[in-house]
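*Asks:* coords please:
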Amino acid sequence: MSGDKRVCFIGDSFVQGLGDPEYRGWVGRVLQATDAEFTAFNLGIRRNTSDDVLRRCWTEADARFLPGADNRLVVSFGSNDMVEEDGAPRVDADRCVANLATLLEQSASRAIAAFVVGPPPVADAGEAHLRRTLAVADAMAALCRAREVPFVPTTAALAADPVWTGEALAGDGAHPGRGGYQRLADLVLAGPWPAWLAAPDRLAARSL
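*Replies:* Next comes the predicted model:
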């Protein structure tokens, strides 16, 4: 196994950490709390849907990965997909899950270990958006179980978290501050993240 471990985090504005006055978001907090040596790249872009992430993933990730290195991919999207525009979600749930399936297939074909973080809730988007996001998160979790890919559910826990919702509503309605991002980071750190990152690259690319 190569000693050069590289992890790309790709997704939307929650991956980017928008709204955090410390500019760390959940990704930065997870990195700071992880006792391991690796190079991390944050590839979050505001308003990205699963369509956008699928379109750009390998162009951006391959530019940061190296042949022979322990290359890994963390994926998180779905909240923007479920936002309603012109009477319909920006990306319907079936296509959102299909996009994730494609990314996981592409990752596996490259022997790149994948890790999925479920879509966080958007505090001011209403109950219908929350229901759609919960449903697509459940479908993502089922897909990841079938593919033996680690998945961290976030939607329900954060929707019920007063820190996440309070900070988001006090800001732009969607993105929390330092406390909310710490809550999301805690969910990741309490899940399969440490074991996945510590596993040898070939094992992590298959399952834990």
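*Asks:* going forward, measure contacts and count neighbours with C-alpha atoms only.
*Replies:* Fine.
*Asks:* what does stretch 8-16 contact?
*Replies:* The contact list for stretch 8-16, computed with Cα atoms under 8 Å, 6 or more residues apart in numbering, reads 25-27, 40-50, 53, 57, 61, 64, 72-77, 80, 120, 175.
*Asks:* so for that stretch, what's the average pLDDT?
*Replies:* Regarding stretch 8-16, the rounded mean pLDDT is 98.
*Asks:* Likewise for stretch 91-102?
*Replies:* Taken as a whole, stretch 91-102 has a mean pLDDT of 98.
*Asks:* Extract the C-alpha set from that stretch and format it as PDB.
*Replies:* Taking Å, rounded to 0.1, in the frame of the first residue of the first chain, the C-alpha atoms of stretch 91-102 are listed here in PDB:
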ATOM      1  CA  VAL A  91     -33.200  16.500  -9.700                       C
ATOM      2  CA  ASP A  92     -35.800  13.800  -9.100                       C
ATOM      3  CA  ALA A  93     -35.000  11.200  -6.400                       C
ATOM      4  CA  ASP A  94     -34.500   8.300  -8.700                       C
ATOM      5  CA  ARG A  95     -32.000  10.200 -10.800                       C
ATOM      6  CA  CYS A  96     -30.200  11.400  -7.700                       C
ATOM      7  CA  VAL A  97     -29.700   7.900  -6.400                       C
ATOM      8  CA  ALA A  98     -28.800   6.700  -9.900                       C
ATOM      9  CA  ASN A  99     -26.100   9.400 -10.100                       C
ATOM     10  CA  LEU A 100     -24.700   8.100  -6.800                       C
ATOM     11  CA  ALA A 101     -24.800   4.500  -8.100                       C
ATOM     12  CA  THR A 102     -22.800   5.700 -11.200                       C
END
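*Asks:* for that stretch, which positions count as buried?
*Replies:* For stretch 91-102, the neighbour count (16 or more other Cα atoms under 10 Å) marks 91-93, 96-97, 99-101 as buried.
*Asks:* In TSV, list the residues you listed along with distance to residue 182 and secondary structure.
*Replies:* Formatted as TSV, the buried residues of stretch 91-102 follow (distance: Cα to Cα, whole Å; DSSP: H, G, I helix; E, B strand; the rest coil):
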residue	distance to residue 182	secondary structure
91	28	coil
92	29	coil
93	28	helix
96	26	helix
97	27	helix
99	28	helix
100	25	helix
101	28	helix
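*Asks:* Pick the one among these closest to residue 147.
*Replies:* residue 101 (8.9 Å; Cα to Cα).
*Asks:* Count the neighbours of the residue lying closest to the closest one once chain neighbours are set aside for me.
*Replies:* Spatial nearest neighbour of residue 101, excluding adjacent residues (Cα to Cα, 6 or more residues apart in numbering): residue 143 at 7.3 Å. A total of 18 residues lie near residue 143 under the criterion other Cα atoms under 10 Å.
*Asks:* got it, and residue 48?
*Replies:* Neighbour count of residue 48, defined by other Cα under 10 Å: 19.
*Asks:* Can I have the buried ones of the contacts of stretch 8-16 as a ChimeraX selection?
*Replies:* Of these, the buried ones go into a single ChimeraX selection, burial set by 16+ other Cα under 10 Å:
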select :25,26,27,40,41,42,43,44,45,47,48,49,50,53,57,61,72,73,74,75,76,77,80,120,175
